[in-house]
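Student: build me a model:
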Amino acid sequence: MIKDRKQKNAPRARARGATALQAPGWNAAWLLFVGGAGAALASVFPAEGLRIGVAGGCVAIPALPGLLIKRDNNEHVRALLMVLWAAGSGAACILGGGLSGPLAIWCVAPIAAAAALGGGRRLAEAAALSFLVAMVAGMAQLLGVALPPPSAEASLWLTLLALSSTVLGLGAGLILSERRGAAVESQQAAELARTRAVLNDLPYLAVLMSDDGKVEALYGRTLEGLELAVGRSLASGVRLSDATGVAEAVRLAGAQGEADTSFAPVLAGDRCISGRFVRRDDGGLIALLRDATEERDQITVLEQAKNDAEQLAAGKARFLANMSHELRTPLNAIMGFSDIMRARMFGPLPDKYAEYGNLIHESGAHLLDLINDVLDMSKIEAERYQLSREIFDGREAVNAAMRLMRVQADGAGVQLRGVLPSNPLPLDADRRALKQIVLNLVSNALKFTPKGGSVTVTAHGFDGVFELVVADNGVGIAKADLERIGRPYEQGEAGRQSFGTGLGLSLVRAFAQLHGGEMSIESTLGEGATVTVRLPVLKSIPEPLQPLPETLGENVVAFAPPR
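Tutor: Next comes the predicted model:
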């Protein structure tokens, strides 16, 4: 790879060498030839040696800064140098007797220097300067400012010097300019070849198009089934049903700068090609095309898997709902018969059978609770659960749930305490869902609070939000379990020793979200847990409410909301 890189950079190095060394070499040769010959002639003709030496120096001196000219010097430096050449050649011409003198040929010295420095536009500028120098020399001769010509013999040698130096300098400059142009062309050809090689190695197909969608050039990878030809429209290689979309993408790219589309090639209808169209600065377009068949197939597989998973989940939810519904019918009968046995409606029962009747009823009630939880969760997952919203006093729902949990709390030896406001809490919510939230939270707290502990239920409202807080001083929840507690069928480590489906907190979270609210849990292992539910259901303007059917239950403290 290093060798290839050196080979690719060789033309560029040659071009740099051709342009960087030619101008200093030409200036050095000019300086040595003109300066040396002028000094020799000054020594041969001592009577006119001073004038000959100064004239030769005026033409030779501009070559000194030319030795320092580099390829990257700016145009201002080169322009000043050309002015210096014009001034030097004009001074030499005037010292040699004007336009009729032997040094008049040096008026075109700036042209020779321009050819060596770069040619092109510089030659035209030098020609203009040479014409200006000739005019100045002619005017100086007419006005008598120019010195008289030297002797005939000296004039002959000066004429030979000026003519030979100018001809040789101009010829060498033109040759160097030609070499420089060839080097630049070689560099451009190498850059173009390198660019073409890079474009042909692209992992996609790059299509240069005119603004009307006709192909101008093709670079990069050939795409299966897509045959394009220069001069033909891109739409000619597209399946007929996709041609309109491609034409629209071309139009949008021309109008807005870029556009994306996908299509099938006419010779391979099962393939998918993705295209991005970008407007060029000259008004044409560039289309970057790639084979997106595998991506399309992967997306199709993922979409099918997603649909299958959704159908499976929906089927599972329907199955759980149907199963739960079917189980409730015989379970209600079992509980009804156990109630008859417990009430001894058909006569006394032995104590053992009465105990069995109570166990059957308790087990049935527990199983019914589990089935109701599964049924509610399956409805929520299937998005079939509908809230039955109404205006009611939130205290009544909380108090009713606490009365139901009073027996369980007494049996567990846990103090159940409620803190409710003295004023009504008008809520626009589902009464049954709120009651279920309280039941689930209190039941869960009692389950993990040891004998002698306490569970406190606090309800109040602020800024349109109803807040319910259930706190206990039980075993608490480990930090690692807090992340998954509240997901369906998930239980903490302590939950392994208890009965349940793991749906209690997940139902609370689901009911809260259905109301547009949220549930949060704070707990430290061994220090208890606090569950907070916030629902944006508090009515800002209380509406007429029915009076509470019963007074607040035992151990329920009424308080006035803070102002």
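
Student: correct me if wrong, but residue 466 is in a strand.
Tutor: Yes: under DSSP: H, G, I helix; E, B strand; the rest coil, residue 466 sits within a strand.

Student: all helices for this structure, in order.
Tutor: With DSSP state H as the criterion, the chain has helices at 2-44, 49-60, 63-66, 75-95, 109-117, 121-142, 152-200, 240-256, 293-343, 351-381, 394-412, 431-447, 479-482, 504-514.

Student: residues of the third one that come out buried?
Tutor: Judged by neighbour count using 16 or more other C-beta atoms under 10 Å, the buried positions of helix 63-66 are 63, 66. Where you see a C-beta, it was placed from the backbone N, CA and C, and this is true even at glycine.

Student: hang on, the earlier thing: can I get the helices of the chain in a markdown table including mean pLDDT?
Tutor: What follows is the helices of the chain, written out as a markdown table (pLDDT from 0 to 100):
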| stretch | mean pLDDT |
| --- | --- |
| helix 2-44 | 65 |
| helix 49-60 | 86 |
| helix 63-66 | 81 |
| helix 75-95 | 84 |
| helix 109-117 | 83 |
| helix 121-142 | 84 |
| helix 152-200 | 82 |
| helix 240-256 | 87 |
| helix 293-343 | 74 |
| helix 351-381 | 70 |
| helix 394-412 | 88 |
| helix 431-447 | 89 |
| helix 479-482 | 72 |
| helix 504-514 | 84 |
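
Student: in a markdown table: those, plus distance to residue 527.
Tutor: Compiled in a markdown table, the helices of the chain are given as follows (distance: least, C-beta to C-beta, whole Å):
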| stretch | distance to residue 527 |
| --- | --- |
| helix 2-44 | 68 |
| helix 49-60 | 101 |
| helix 63-66 | 89 |
| helix 75-95 | 82 |
| helix 109-117 | 89 |
| helix 121-142 | 88 |
| helix 152-200 | 67 |
| helix 240-256 | 62 |
| helix 293-343 | 36 |
| helix 351-381 | 28 |
| helix 394-412 | 19 |
| helix 431-447 | 14 |
| helix 479-482 | 12 |
| helix 504-514 | 18 |
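
Student: of all these, which lies closest to residue 286?
Tutor: Set against residue 286 and scored by C-beta to C-beta, the helices of the chain come closest in helix 240-256, at 8.9 Å.

Student: show me what that closest one is packed against.
Tutor: Under the contact criterion of 3 or more C-beta pairs under 8 Å, 6 or more residues apart in numbering; DSSP states H and E, helix 240-256 touches strand 258-263, strand 273-279, strand 285-291.

Student: ok, residues contacting that helix?
Tutor: By C-beta atoms under 8 Å, 6 or more residues apart in numbering, the residues outside helix 240-256 that reach it are 209, 211-213, 234-235, 238, 258-264, 266, 275, 277-279, 283, 285.

Student: could you list the domains of the chain?
Tutor: Residue ranges for the domains of the chain, per automatic domain parsing: 2-198, 205-291, 296-381, 389-559.

Student: can you get me a residue count around residue 347?
Tutor: When neighbours are defined as other C-beta atoms under 10 Å, residue 347 has 5 of them.

Student: could you list the low-pLDDT ranges of the stretch 451-563 of the chain?
Tutor: Low-confidence segments of the stretch 451-563 of the chain (pLDDT under 70): 483-503, 540-563.

Student: hmm, 80 instead?
Tutor: Within the stretch 451-563 of the chain, the stretches with pLDDT under 80 are 478-504, 540-563.

Student: which residues in it form strands?
Tutor: Assigned by DSSP state E, counting those that start in this stretch, the stretch 451-563 of the chain shows strands spanning 454-462, 465-472, 518-524, 528-535, 556-559.

Student: could those be laid out in a markdown table, adding mean neighbour count and distance to residue 220?
Tutor: Converted to a markdown table, the strands of the stretch 451-563 of the chain look like this (neighbours: other C-beta atoms under 10 Å; distance: least, C-beta to C-beta, whole Å):
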| stretch | mean neighbour count | distance to residue 220 |
| --- | --- | --- |
| strand 454-462 | 20 | 65 |
| strand 465-472 | 21 | 61 |
| strand 518-524 | 16 | 53 |
| strand 528-535 | 22 | 58 |
| strand 556-559 | 14 | 77 |
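
Student: dump the residue contacts of residue 59.
Tutor: So residue 59 contacts 34, 38, 88-89, 92, 106, 109, 165 (C-beta under 8 Å, 6+ apart).

Student: ugh, wrong one, residue 196
Tutor: Going by C-beta under 8 Å, 6+ apart, residue 196 touches residue 219.

Student: on that earlier part again, so which of the strands of the stretch 451-563 of the chain is nearest residue 141?
Tutor: Here strand 518-524 is closest among the strands of the stretch 451-563 of the chain (C-beta to C-beta), at 103.3 Å.

Student: partners of the closest one in the sheet?
Tutor: If you go by DSSP bridges, strand 518-524 pairs up with strand 528-535 (antiparallel).

Student: relative to helix 504-514, how tilted is the partner strand?
Tutor: Using axes from the mean of the first three to the mean of the last three C-alpha atoms, to 10 degrees, the direction of strand 528-535 lies 20 degrees away from that of helix 504-514.

Student: tilt between strand 528-535 and strand 454-462?
Tutor: Using the same axes, to 10 degrees, the direction of strand 528-535 lies 30 degrees away from that of strand 454-462.

Student: counting neighbours, what do you get for the residue nearest to residue 35 when sequence neighbours are not counted?
Tutor: With sequence-adjacent residues excluded and distances taken as C-beta to C-beta, 6 or more residues apart in numbering, residue 35 is closest to residue 60, at 4.2 Å. The criterion is other C-beta under 10 Å. On that basis, residue 60 has 23 neighbouring residues.

Student: one more: residue 158?
Tutor: 30.

Student: what residues does it make contact with?
Tutor: Shown in contact with residue 158 (C-beta under 8 Å, 6+ apart): 41, 52, 55, 96, 102-103, 150.
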